[in-house]
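Colleague: Predicted structure and sequence below. I'll ask about it afterward.
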Amino acid sequence: MGTTDGGAFKRMLKRLTSDVDTLDADDLSSDAEKSGAQRASDCACGEEVEVLGRLRSVEFCPQDANASLEAELFDGSEGVTLIWLGRRRIPGIEPGRTMRVRGRLAVRDGRKVLYNPYYEICQAQ
């Protein structure tokens with residue numbers, strides 16, 4: 001008989017024994033890689049980046065008179081904070097949405113941030 005490397009069995013065993021968050025992160029990373037987007041964990045401050053991921057949270061932050069809308073985008077490797085300055089709400093920007101964002105990456109308080117990113121809301125896969 002032919003030899004098998006057990007690859008299919010190992011993948012099936014991993015899917016059966018891993019927790020849901022790990023499986024979701026693997027799926028997000030796979031989708032991002034297939035689309036040609038960068039992994040958030042590989043991006044560095046000052047780079048022009050394009051990231052594909054799912055919104056984990058969205059919140060309105062009224063800091064003094066300057067309103068801003070903040071969202072956390074998770075691509076399976078790391079989260080990126082998206083900040084739209086001067087916006088109270090953007091239609092379609094809500095938790096659970098899959099988005100592709102593009103902009104220049106900054107670091108604020110140890111977090112990766114994109115200010116006023118270009119964005120595209122993607123269809124769920």
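Modeller: Yep, it's here. Residues are numbered from 1 along each chain as shown.

Colleague: In which helix or strand does Ser103 reside?
Modeller: To be clear, residue 103 is Gly; Ser isn't right here. strand 98-108 (DSSP states H and E).

Colleague: For stretch 49-68, list the C-alpha coordinates in PDB.
Modeller: What follows is the C-alpha trace of stretch 49-68 in PDB, where atoms were taken according to Å, rounded to 0.1, in the frame of the first residue of the first chain:
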ATOM      1  CA  VAL A  49      -0.800  48.600   4.900                       C
ATOM      2  CA  GLU A  50      -3.900  46.700   3.600                       C
ATOM      3  CA  VAL A  51      -5.600  44.400   6.200                       C
ATOM      4  CA  LEU A  52      -8.600  42.100   5.900                       C
ATOM      5  CA  GLY A  53     -10.400  41.100   9.000                       C
ATOM      6  CA  ARG A  54     -13.600  41.100  11.100                       C
ATOM      7  CA  LEU A  55     -14.700  43.900  13.400                       C
ATOM      8  CA  ARG A  56     -14.700  42.800  17.000                       C
ATOM      9  CA  SER A  57     -16.000  46.000  18.600                       C
ATOM     10  CA  VAL A  58     -17.200  49.500  17.500                       C
ATOM     11  CA  GLU A  59     -17.600  52.400  19.900                       C
ATOM     12  CA  PHE A  60     -18.300  56.100  19.700                       C
ATOM     13  CA  CYS A  61     -15.700  58.100  21.700                       C
ATOM     14  CA  PRO A  62     -16.800  61.700  22.500                       C
ATOM     15  CA  GLN A  63     -13.500  63.000  23.800                       C
ATOM     16  CA  ASP A  64     -14.300  66.700  24.700                       C
ATOM     17  CA  ALA A  65     -15.700  68.300  21.500                       C
ATOM     18  CA  ASN A  66     -13.800  66.000  19.100                       C
ATOM     19  CA  ALA A  67     -16.000  63.000  18.300                       C
ATOM     20  CA  SER A  68     -14.400  59.900  16.900                       C
END
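
Colleague: Could I get the full set of helices for the protein?
Modeller: Taking DSSP state H as the criterion, the chain contains helices spanning 7-17, 20-35.

Colleague: Can you flag the weakest of those by average pLDDT?
Modeller: The stretch with the lowest mean pLDDT among the helices of the chain is helix 20-35, which comes in at a mean of 62.
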